[in-house]
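Student: fold the following.
(2 chains)
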Amino acid sequence: GQNIDQPTEMTATEGAIVQINCTYQTSGFNGLFWYQQHAGEAPTFLSYNVLDGLEEKGRFSSFLSRSKGYSYLLLKELQMKDSASYLCAVRSYTDKLIFGTGTRLQVFP
Amino acid sequence: GAGVSQSPSNKVTEKGKDVELRCDPISGHTALYWYRQSLGQGLEFLIYFQGNSAPDKSGLPSDRFSAERTGGSVSTLTIQRTQQEDSAVYLCASSSRRGGDTDTQYFGPGTRLTVL
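Tutor: Numbering: from 1, shown residues only, chains lettered A, B, ... in the order given. Below is the predicted model of the structure:
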């Protein structure tokens, strides 16, 4: 079966660091994506991991451990505009994305 | 255009009517995907087109749903005899599928479908 788990909601303070975890159990694995989705808008691409380790991109980093079926998205120096849903998605061998339900992050001043 | 476009942005219809949703992918992208996002739910895969290959229809929830991709570009998702549970945001994405590291899927703004 296909299962991707993320926390439903998280809160954090402006300027802080937050880590959003994602665990997955899928029948195939061909990469893991993180997307950001503001309310009422389309998901936008944040990061991609296919090998184990950390990928850093500015204030955002993403980590993958394939043996543990685990990824996290790390957001540093949080800004109010980072309030959004963060979607973890696993790409199958047939290229379709399997999404978790998303983590809604609220950043407070 | 610069990104994936979809039309209409909003569609309100009555139960039992047919609807057509349109997607224009990024120019040159050979792969096109349809997803559905219901309120409070994750994105649900519906169908995938890649070049001239037969589409992957494994995510279509019922035979009321169908999709076409004409000329390898524009795609239309058709829902026949709509039901209230079809109410959702329908998102289209495209990717280049040129190989390489990511083949990232880029999403359109979606069509919000409301079935009364």
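Student: and the lowest-mean-pLDDT helix or strand in chain A, is it in reach of chain B?
Tutor: In chain A, the helix or strand scored least confidently by mean pLDDT, DSSP states H and E is strand A:97-99, which has a mean of 90. Yes: counting by Cβ under 8 Å from any Cβ of the partner chain, chain B is contacted by strand A:97-99 at A:Leu97, A:Ile98, A:Phe99. For every residue, glycine as well, the C-beta is placed using N, CA and C.
Student: ok, that strand: who's next to it in the sheet?
Tutor: In the sheet, strand A:97-99 lines up against strand A:84-91 (antiparallel) (DSSP bridges).
Student: contacts for the partner strand, please.
Tutor: The list of residues contacting strand A:84-91 from outside it, by Cβ atoms under 8 Å, 6 or more residues apart in numbering or on different chains, reads A:2, A:4, A:6, A:20, A:22, A:24, A:26, A:29-39, A:43, A:46, A:71, A:73, A:97-100, A:102-105, B:42-43.
Student: from the chain's centroid, how far away is that strand?
Tutor: How far strand A:84-91 lies from its chain's middle: 5 Å, per Cα atoms, centre = their mean, to the nearest Å.
Student: return the residues of chain B in contact with chain A.
Tutor: Near chain A, when you scan chain B using Cβ under 8 Å from any Cβ, you find B:4, B:31, B:33, B:35, B:40-45, B:48, B:50, B:56, B:59, B:91, B:93, B:95, B:97, B:101-110.
Student: buried only: go through the residues you listed for me.
Tutor: B:4, B:31, B:33, B:35, B:42-45, B:48, B:50, B:56, B:59, B:91, B:93, B:95, B:103-110 (16 or more other Cβ atoms under 10 Å in any protein chain shown).
Student: before we move on, the earlier item: just put the residues of strand A:97-99 next to chain B in a markdown table and tack on neighbour count.
Tutor: Listed next are the residues of strand A:97-99 next to chain B as a markdown table, based on neighbours: other Cβ atoms under 10 Å in any protein chain shown:
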| residue | neighbour count |
| --- | --- |
| A:Leu97 | 24 |
| A:Ile98 | 22 |
| A:Phe99 | 23 |
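Student: closest to chain B out of those residues?
Tutor: Chain B has its nearest neighbour among these in A:Phe99, at 4.1 Å by Cβ to the nearest Cβ.
Student: who's in contact with that closest one?
Tutor: By Cβ under 8 Å, 6+ apart, the neighbours of A:Phe99 are A:Ile4, A:Leu87, A:Cys88, A:Ala89, B:Tyr35, B:Gly42, B:Leu43, B:Glu44.
Student: B:Ser38 now?
Tutor: Taking Cβ under 8 Å, 6+ apart as the test, what B:Ser38 contacts is B:Glu44, B:Ser87, B:Ala88, B:Val89.
Student: same thing with B:Asp56?
Tutor: A:Thr94, A:Lys96, B:Ile47, B:Tyr48, B:Gln50.
Student: can we see that at 10 Å?
Tutor: A:Ser92, A:Thr94, A:Asp95, A:Lys96, B:Tyr33, B:Phe45, B:Leu46, B:Ile47, B:Tyr48, B:Phe49, B:Gln50 (Cβ atoms under 10 Å, 6 or more residues apart in numbering or on different chains).
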